[in-house]
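Colleague: The following block contains a protein sequence and its predicted model.
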Amino acid sequence: MKYPIYLDYNATTPCTEEVMESMLPFFSNHFGNAASKSHPFGWVAENAVEEAREKIAQLIGAKSKEIIFTSGATEALNLAIKGTFEAFLPGKQHFITCQSEHKAVLDCFEEIEKRGGEVTYLPVDEMGKISIDQLVKAILPTTKAICLMWANNETGIIHPVEEIAKLCEDRNLILITDAVQAAGKIPVSTQGIHLMAISAHKLYGPKGIGALYVRHNHELPKPLAQIHGGGHEKGMRSGTLNVPGIVGFGKAAELRMEEMNEEANRLQKLRNQLQEGLLKISDTQLNGSQDNRLPHVCNIAFSGVEGEELLKRVNQKVAVSSGSACTSISPKPSHVLKAMGLDPDLGRASIRFSLGRKTSEDEILQTVDWVEKVVKELRG
């Protein structure tokens, strides 16, 4: 099969050669269970896991003991959100999140509401930004935690995390952040954060492995386990560890530390070139702010075309999406763009372009030409 140009790196990224090579021995020669403490097979696996844990911790400015391995960011967010809710039971609880969060967050809070929790969903403006004033006003005496993503997966908009972290510190509130799209792409820090979800497959590591940063040495409670059976990962996430996946995650984190800044500069130039080319097409607009966003993402709306047909045609030569991979099967307009006030038809006719390590200038030029051709044909 001849694949199209890939510009959907926010959905997933390919494993690098170095990551795959690091994993292979742990499928064969070093196949031990990291929980087998009585022989060398287990010792080798355990050592590899701890080395990877240290590398991942370094990527986000944490201590290795604060990294809890999960099957991915969705599980990490479930542990963070539901586990925090259960840690405060019984008693009235209030949480604050945002209308433009990932569905993994929104669905967790929907479940918490079913269990009797109260949730405030902050609006965003037409640029995709929240108001700190509205956030402050939303805090109640029963507020236990604030949950806001570091960077939006559809628009790339970055929330003012440092300001929010200080607010949480001053109010003694737990801060949960989905840093899946930020970690390994831009510098992130755990300063002032209590719980942070990250995922390997968004930063050139394998699928099926993620982590939750859990702040230690703090008076606020840690989340309660959601999976029981053996007490692995300090009792917070039971289950046999995915040693090859963890090793690959560690290698991917190590590589991102080395190349992240240089790569971000390269991709920002290519993204700007792509964006400028696409916005020259008549009746197009950028969704979200030009400022303070991820360097490799742009979200463009194309007026005068039917969204489903636009996506189908563009994907013949350029692999892109209309939003989160978790909800792209739905014909409904993106909930993120809807929260930003975008007209439903325009929301459906919007495309997220996300660039990555293999993106070249030639691919950007081909993409602009192809999208322009498709849009003109669909407009007749």
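Modeller: Received the coordinates, thanks.
Colleague: mind listing what the residue positioned nearest the centre of the chain touches?
Modeller: Centroid check for the chain by CA atoms, centre = their mean gives Val180 as the closest residue, at 2.5 Å. By CB atoms under 8 Å, 6 or more residues apart in numbering, Val180 lies in contact with Ala73, His102, Met149, Asn153, Ala197, Ile198, Ser199, Lys202. C-betas here are computed from N, CA, C, even on glycine.
Colleague: Find the nearest non-adjacent residue to the first one, please.
Modeller: Put plainly, it is Ala73. Nearest non-adjacent residue to Ala73, counting by CB to CB, 6 or more residues apart in numbering: Ser199, 3.9 Å away.
Colleague: show me where this structure has helices.
Modeller: 17-23, 40-60, 73-87, 103-114, 132-138, 161-171, 243-279, 307-314, 335-339, 344-348, 361-379 (DSSP state H).
Colleague: Centre of the chain to the fifth one, how far?
Modeller: In terms of CA atoms, centre = their mean, to the nearest Å, the gap separating the centre of helix 132-138 from the centre of its chain is 24 Å.
Colleague: How about the first one?
Modeller: Taking CA atoms, centre = their mean, one finds helix 17-23 lying 22 Å from the centre of the chain it belongs to.
Colleague: May I see the buried residues of that helix?
Modeller: By 16 or more other CB atoms under 10 Å, the buried positions in helix 17-23 come out as Val19, Ser22, Met23.
Colleague: My read is that Glu233 contacts Ile68, right?
Modeller: Yes - at 4.8 Å, Glu233 counts as touching Ile68 under the criterion of CB atoms under 8 Å.
Colleague: if you count what's nearby, which of these two comes out ahead?
Modeller: Ile68 (24 against 21; other CB atoms under 10 Å).
Colleague: what pairs with that one across the strands?
Modeller: On the basis of DSSP bridges, Ile68 is bridged to Leu212.
Colleague: which residues does it contact?
Modeller: By CB under 8 Å, 6+ apart, the neighbours of Ile68 are Ala76, Leu79, Ala211, Leu212, Tyr213, Val214, Glu233, Lys234, Met236, Arg237.
Colleague: Show the buried residues in the residues you listed.
Modeller: Ala76, Leu79, Ala211, Leu212, Tyr213, Val214, Glu233, Met236, Arg237.
Colleague: nearest to Leu255, of those residues?
Modeller: Taking CB to CB as the measure, Leu255 lies nearest Ala211 of the buried ones among the contacts of Ile68, at 16.3 Å.
Colleague: hang on, isn't the closest one packed against Glu66?
Modeller: No - the criterion here is CB under 8 Å, and Ala211 misses it with Glu66 at 9.6 Å.
Colleague: Tell me, how many residues neighbour the residue lying closest to Phe85 once chain neighbours are set aside?
Modeller: Take Phe85 and drop its neighbours on the chain: the residue closest to it by CB to CB, 6+ apart is Ile112, 5.1 Å away. Close neighbours of Ile112, defined as other CB under 10 Å, add up to 20.
Colleague: domains for this protein, by residue range?
Modeller: 5-12+259-379, 17-254 (automatic domain parsing).
Colleague: got the end-to-end distance for the shortest one?
Modeller: Terminal residues of domain 5-12+259-379 are spaced 23 Å apart (CA to CA, to the nearest Å).
Colleague: next one: stretch 204-223
Modeller: Start-to-end, stretch 204-223 (CA to CA) is 28 Å.
Colleague: Same check on stretch 83-92?
Modeller: Terminal-residue distance, stretch 83-92 (CA to CA): 15 Å.
Colleague: What pLDDT is listed against Ser324?
Modeller: For Ser324, the model assigns a pLDDT of 56.
Colleague: Tell me where the model's unsure across the chain.
Modeller: 323-331 (pLDDT under 70).
Colleague: go again using 80 as the cut-off
Modeller: Residues of the chain that meet the criterion pLDDT under 80 lie in 1, 323-332.
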